[in-house]
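K.L.:
how does the following fold in three dimensions:
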Amino acid sequence: MANIKALIMCPTFPRFAGDSFGADFVFELTKALSQERVNVRVITAGDGSEKELKYDRKLKKDYNIDVKRFFYFRPIRFQKLAYRPGGIPVQIQKSLLSKLQLVFFMFSFFLRALPYSYKSDIIHCHWVFSMIPSFILKLLFGKKIILSVRESNPKKINESYVLRSLLGKADAIVSNNDSYFRQLLKSGANRNDLYKILNGVNTAFKKKVVINDIHKKNIGDDDLLICSVGYLIDRKSPLELFNSFKELKKKYGNLKIIYIGDGELAKVLKSLIISNNFEEDVLLAGVLLPNEICGWLNRSDLFCLYSKNDGIANSVVEAMACKVPVVTSDVGGFPEIIENKYSGMIVPRGQPDKLTPAIDYLLKNRARAQKIGERGSLNLIKRGIDWRINARLHKKLYRRVLMNNV
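P.N.:
Below you'll find the predicted structure:
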């Protein structure tokens, strides 16, 4: 079989280096697929900025990734759905205009993909929403569809007749963890159509990067540092982590924390920082590039992301790749890659009172914490959490679907 031509349908895709709202994990998969000699073209939303255009040209030149973007509302600056914390499901709850824009979004998505779909061998959708325009393209051109379920809470699929129906239109469905796999079965997906393929980890986090300006950020060599990377939204529980930090600060006077990311709770955190006189102890770093994040991870004593819903968050895997001991929740696929108190710390979801003792355990057992971090890194290797492995498995699945052997 000649090189497979894959049409990647994705609501968001990086618009510039370090775009925290750009589904970097889809980019990493697409890049790895290109390296595996799959011809990839991405259909995604955009903003038409010069920065975005320049970056898309770079993707074509460096990785042979052809990105075709669409705009779904005018003026473009009033687009409200893509590239915002929480994604489309969160945004459509915020206003009537956002709900109306969803119709324009799907229609524009379809139109942008239309001239390229018949030239493709297979359509690969990311997020169930992408199935809406893709299913119409399947009806028109008879193309096979692979669906990667990347929703933060797949239980929502079971609550929607439309989303449940769309699952049945895919020729194969990919989950990146067992929890999602089980939930998809409950939503009516055919077991024979389901495949589990673990995500990879950005190679930038396998390097020993040092941040040169740590001292300028009020982080001294003797300080204990907690790092958290993720959207500053309720689902990622940044306020619960702040409360734990506030409690532990009484015990560890040299304890500090850095939040990397942005979101609607940034203002709330800033207010809490000021009201508690933590300006020197809590850093809101905003959005950073991967090598900058890697530097902060390498400086940190532990990483914490206490998600209420998640699959396997990239930031947790990236921290593990940097050998940083991780504290996270028991949601999604985290229990699959972390053994509690052996290769990380697992805290029950919805029990923030147990978050503080878990962090305290790592802070007071420094030698054990180091071992836990090292075991976490080894776990990634043992489980094949690597984008090249991920791409090879996807390519194999593409071939199976195209040969009708699913």
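K.L.:
when you work out contacts or count neighbours from here on, use the C-alpha atoms and nothing else.
P.N.:
Noted.
K.L.:
tell me the contacts of residue 285?
P.N.:
With contact set as CA atoms under 8 Å, 6 or more residues apart in numbering, residue 285 has these partners: 258-261.
K.L.:
for residue 361, state which of the residues you listed is nearest.
P.N.:
Distance ranking of the contacts of residue 285 against residue 361, using CA to CA, places residue 258 first at 19.2 Å.
K.L.:
so what strands line up beside the host helix or strand of the closest one?
P.N.:
In this structure, residue 258 sits in strand 255-260 according to DSSP states H and E. With DSSP bridges as the test, strand 255-260 is paired with strand 224-229 (parallel), strand 282-286 (parallel).
K.L.:
show the subsequent helix or strand relative to it.
P.N.:
Next along from strand 255-260, by DSSP H and E: helix 266-275.
K.L.:
ranges for the helices of the stretch 1-150 of the chain?
P.N.:
Shown for the stretch 1-150 of the chain, the helices assigned by DSSP state H, counting those that start in this stretch span residues 24-35, 50-63, 87-91, 96-117, 131-141.
K.L.:
out of those helices, nearest to residue 306?
P.N.:
Closest among the helices of the stretch 1-150 of the chain, using CA to CA: helix 87-91, at 18.8 Å.
K.L.:
gap between residue 323 and residue 278?
P.N.:
Distance, residue 323 to residue 278, by CA to CA, to the nearest Å: 28 Å.
K.L.:
low-confidence ranges, the chain, go.
P.N.:
1, 206-216, 405-406 (pLDDT under 70).
K.L.:
tell me how far the ends of stretch 10-20 are from each other?
P.N.:
End to end - CA to CA - stretch 10-20 spans 15 Å.
K.L.:
now that stretch: buried residues?
P.N.:
10-16, 18-20 (16 or more other CA atoms under 10 Å).
K.L.:
next: stretch 191-203.
P.N.:
193-195, 197-202.
K.L.:
what is the nearest of those residues to residue 97?
P.N.:
residue 199 (34.4 Å).
K.L.:
hang on, that closest one packs against residue 176?
P.N.:
Yes. Look at residue 199 against residue 176 with CA atoms under 8 Å: they come within range, at 6.2 Å.
K.L.:
so which of the helices of the stretch 1-150 of the chain gets nearest residue 293?
P.N.:
Going by CA to CA, the one of the helices of the stretch 1-150 of the chain nearest residue 293 is helix 24-35, 13.7 Å.
K.L.:
and the contacts of that closest one?
P.N.:
So helix 24-35 is contacted by 13-14, 39-40, 63-65, 126, 199-200, 202, 314, 387-388, 390-392, 395 (CA under 8 Å, 6+ apart).
K.L.:
from residue 134, how far out is residue 166?
P.N.:
Taken as CA to CA, the span from residue 166 to residue 134 is 10 Å.
K.L.:
the more surrounded of those two?
P.N.:
When residue 166 and residue 134 are compared for neighbours, residue 134 comes out ahead with 31 against 20, by other CA atoms under 10 Å.
K.L.:
quick one: contacts for that one?
P.N.:
9, 110, 123, 125, 145.
K.L.:
hmm, try it at 10 Å
P.N.:
7, 9, 106, 109-110, 113-114, 117, 123-125, 128, 140, 143-147, 166, 169-170 (CA atoms under 10 Å, 6 or more residues apart in numbering).
K.L.:
now do the closest residue to residue 119 other than its chain neighbours against residue 137, distance only.
P.N.:
Excluding the flanking residues, the one nearest residue 119 by CA to CA, 6 or more residues apart in numbering is residue 5, at 7.8 Å. Computed as CA to CA, the residue 5 to residue 137 distance reads 15 Å.
K.L.:
these two: who's more crowded?
P.N.:
Set residue 5 next to residue 137 and count neighbours by other CA under 10 Å: residue 137 wins out with 21 against 18.
K.L.:
from residue 82, how far off is the more buried one?
P.N.:
In terms of CA to CA, residue 137 sits 22 Å off from residue 82.
K.L.:
repeat that for residue 319.
P.N.:
For residue 319, the distance to residue 82 equals 27 Å [CA to CA].
K.L.:
more crowded one of those two?
P.N.:
residue 319 (30 against 22).
K.L.:
quick one: the helices in the stretch 151-300 of the chain?
P.N.:
Secondary structure of the stretch 151-300 of the chain (DSSP H, counting those that start in this stretch): helices at 155-158, 161-167, 178-186, 238-249, 266-275, 290-299.
K.L.:
from the chain's centre, how far out does the last one sit?
P.N.:
When C-alpha coordinates are averaged (CA atoms, centre = their mean, to the nearest Å), helix 290-299 and its chain have centres 17 Å apart.
K.L.:
same thing with the fifth one?
P.N.:
From the chain centre to the centre of helix 266-275 is a distance of 25 Å (CA atoms, centre = their mean).
K.L.:
may I see the buried residues of that helix?
P.N.:
Buried, per 16+ other CA under 10 Å, within helix 266-275: 266, 269, 272-273.
K.L.:
confirm for me that the residue nearest to residue 119 is in contact with residue 41.
P.N.:
Yes. Between residue 5 and residue 41 there is a contact at 7.9 Å, judged by CA atoms under 10 Å.
K.L.:
so what sits against both of these two?
P.N.:
Counting by CA under 10 Å, 6+ apart, the residues touching both residue 5 and residue 41 are 117, 120, 123.
K.L.:
most neighbours out of those, which is it?
P.N.:
residue 123 (27 neighbours).
K.L.:
and that residue, bridged to which residues?
P.N.:
In beta-bridge terms (that is, DSSP bridges), residue 123 pairs with residue 7, residue 145.
K.L.:
for residue 173, see how far away it is.
P.N.:
12 Å.
K.L.:
check residue 230 too.
P.N.:
Residue 230 is 26 Å from residue 173, by CA to CA.
K.L.:
same check, this time on residue 125
P.N.:
9 Å.
K.L.:
just to revisit the earlier point, and the contacts of helix 24-35, which of them are in strands?
P.N.:
Cross-referencing these against strands under DSSP state E gives 39-40, 126.
K.L.:
burial count for residue 51?
P.N.:
Residue 51: 12 neighbours (other CA under 10 Å).
K.L.:
any figure for the gap between it and residue 105?
P.N.:
22 Å.
K.L.:
repeat for residue 34
P.N.:
27 Å.
K.L.:
higher neighbour count, these two?
P.N.:
residue 105 (23 against 18).
K.L.:
was I right about that one contacting residue 81?
P.N.:
Yes. Using CA under 10 Å, residue 105 is in contact with residue 81, at 8.2 Å.
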